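1. turn this into a model:
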Amino acid sequence: MSESPTVLMETRGRISIVTINRPEVRNAVNPATADALRDGFVAFDKNDEVDVAVLVGAADAFCAGYDLKALSASGGNIPCEPEGVGPMGPSRLLLDKPVIAAVEGPAVAGGLELALWCDLRVAAEDAVFGVYCRRWGVPLIDGGTVRLPRLIGHGRAMDMILTGRPVGGQEALDFGLVNRLVPTGMALKTAVALAEELTRFPQVCMQTDRMSAIRQWTMSIEDALRHESREGVTPFRDEAVAGAERFASGRGRGGDFDNI
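-> Predicted coordinates for the structure are as follows:
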């Protein structure tokens, strides 16, 4: 009997749902799963039929990180290329389209890094974030030491990185680590609804603004402003005029997002 795939891909309208499917190990990622995750997100990014992806874990866990049994068996021979692939799979990809994490249960160690890689995080009240790999001497090499301080600030990030302590859903919301906190069992439904909202906007403009916000981290303020202006030319030409015409005709006024 063939084994179930460790990564499931589903399309709902303009949304791709990517599921880590190793519930027996709380969706820990082994090399084959990392490859499948990376391939899945590359395919999503190239697919013109979808605009937003949602990353979720099967059953009641998001991701427990890298599979330490696989690491032990490997003798340290895992895919880790400073200029290329990260052990968790897609963590060093810069996609052209947004990804939303739907977090139930643990998002720890490499699982925290996958959640940080996403653009937005929807977390259930029972979600737990933490650098649990601190206990085992496993470093953060899938973006954790970079994305966590940028997201929640240096002091809070150092608290999590040095202590490895668990951070629950409410504290994660207070930190700004998550964007939405929802009842247990509702993370995926809420993330999909949020993704559907994003698919309704003019996509060239949204993708351009998203990438400008990402790229500015490596630039001076002067270069970032010039980059923003240059990149804004295309959506201004292709979408803004049509949007202004819709507004002038009476659609979408007064903050109404249902008539755009």
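
2. which SSE is immediately downstream of the helix or strand harbouring residue 235?
-> Per DSSP states H and E: residue 235 is located in helix 233-235. Remark: after helix 233-235, the chain's next helix or strand is helix 241-248, criterion DSSP H and E.

3. list the buried residues for that following helix?
-> residue 243 (16 or more other C-beta atoms under 10 Å). In this view, the C-beta of every residue, glycine as well, is placed from N, C-alpha and C.

4. name the helices or strands packed onto the helix holding residue 235?
-> Applying 3 or more C-beta pairs under 8 Å, 6 or more residues apart in numbering; DSSP states H and E, one finds that helix 233-235 contacts helix 203-215.

5. picking that back up, run the chain-centre distance for the helix holding residue 235.
-> Helix 233-235 sits 26 Å away from the centroid of its parent chain (C-alpha atoms, centre = their mean, to the nearest Å).

6. what's in contact with it?
-> Residues from elsewhere that reach helix 233-235 (C-beta atoms under 8 Å, 6 or more residues apart in numbering): 202, 204-205, 208-209.

7. mean confidence for stretch 4-21?
-> Mean per-residue pLDDT for stretch 4-21: 97.

8. in contact with residue 99, which residues?
-> Neighbour list for residue 99: 41, 52-55, 117-119 [criterion: C-beta under 8 Å, 6+ apart].

9. list the residues that contact the residue most central in space within the chain.
-> Centroid-nearest residue in the chain, with C-alpha atoms, centre = their mean: residue 118, separated by 1.3 Å. Residues in contact with residue 118, defined by C-beta under 8 Å, 6+ apart, are 55, 99-101.

10. just the buried ones from those residues?
-> Among the contacts of residue 118, the ones that count as buried by 16+ other C-beta under 10 Å are 55, 99-101.

11. restricted to strands, list the residues you listed.
-> Among these, the members falling in strands are 55, 99-101 (criterion: DSSP state E).

12. select from the contacts of helix 233-235 the one having the most neighbours.
-> Using other C-beta atoms under 10 Å as the neighbour test, these are led by residue 208, with 21 neighbours.

13. distance of that one from residue 162?
-> As judged by C-beta to C-beta, to the nearest Å, residue 208 and residue 162 stand 37 Å apart.
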